[in-house]
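Q: Sequence first, then the predicted structure, then my questions.
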Amino acid sequence: TDIGMSGSFNSVIGMDTEKSIQRFLRLTKIKYDVAAGNEKLNGIVFRFSGKGETVAVERILLEK
């Protein structure tokens, strides 16, 4: 299961914020541009017991 994201932190799913917002508001097919800068990788690691109970949760945050 995917619970994290890799890409520019100041983006919309890794794409340029302004173009993403304009595409949504205008309902047009503006080409997405990949956002640059402030790259981060976020995620969570869950550890389970043999019974399937969650025994630990670890947040992952890697910054470039």
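A: Happy to help now that I have it.
Q: my guess is Phe48 meets Val57, correct?
A: No: with contact defined as Cβ atoms under 8 Å, Phe48 does not reach Val57; the gap is 10.5 Å. To be clear about C-beta, it is placed using only N, CA and C from the backbone, and glycine gets the same treatment.
Q: Could I get the full set of helices for this protein?
A: Under the criterion DSSP state H, helices of the chain are mapped to 17-26.
Q: So, low pLDDT: which residues of it?
A: With pLDDT under 70 as the threshold, the chain has low-confidence stretches at 1-6.
Q: Repeat the analysis, applying 80 as the threshold.
A: For the chain, applying pLDDT under 80 flags the ranges 1-7, 64.
Q: what ranges do the strands span in it?
A: Listed from the start of the chain, the chain has strands (DSSP state E) covering 5-8, 39-48, 54-63.
Q: Output the second one in PDB with nothing but the alpha carbons.
A: Coordinates of the C-alpha atoms in strand 39-48 are reproduced here as PDB (Å, rounded to 0.1, in the frame of the first residue of the first chain):
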ATOM      1  CA  GLU A  39      12.600  17.500  -2.600                       C
ATOM      2  CA  LYS A  40      11.500  15.100   0.100                       C
ATOM      3  CA  LEU A  41      10.500  11.500   0.500                       C
ATOM      4  CA  ASN A  42       7.700  10.800   3.100                       C
ATOM      5  CA  GLY A  43       6.400   7.500   4.200                       C
ATOM      6  CA  ILE A  44       5.400   5.300   7.200                       C
ATOM      7  CA  VAL A  45       6.700   1.900   8.200                       C
ATOM      8  CA  PHE A  46       4.300  -0.300  10.200                       C
ATOM      9  CA  ARG A  47       5.500  -3.300  12.200                       C
ATOM     10  CA  PHE A  48       3.000  -6.000  13.000                       C
END
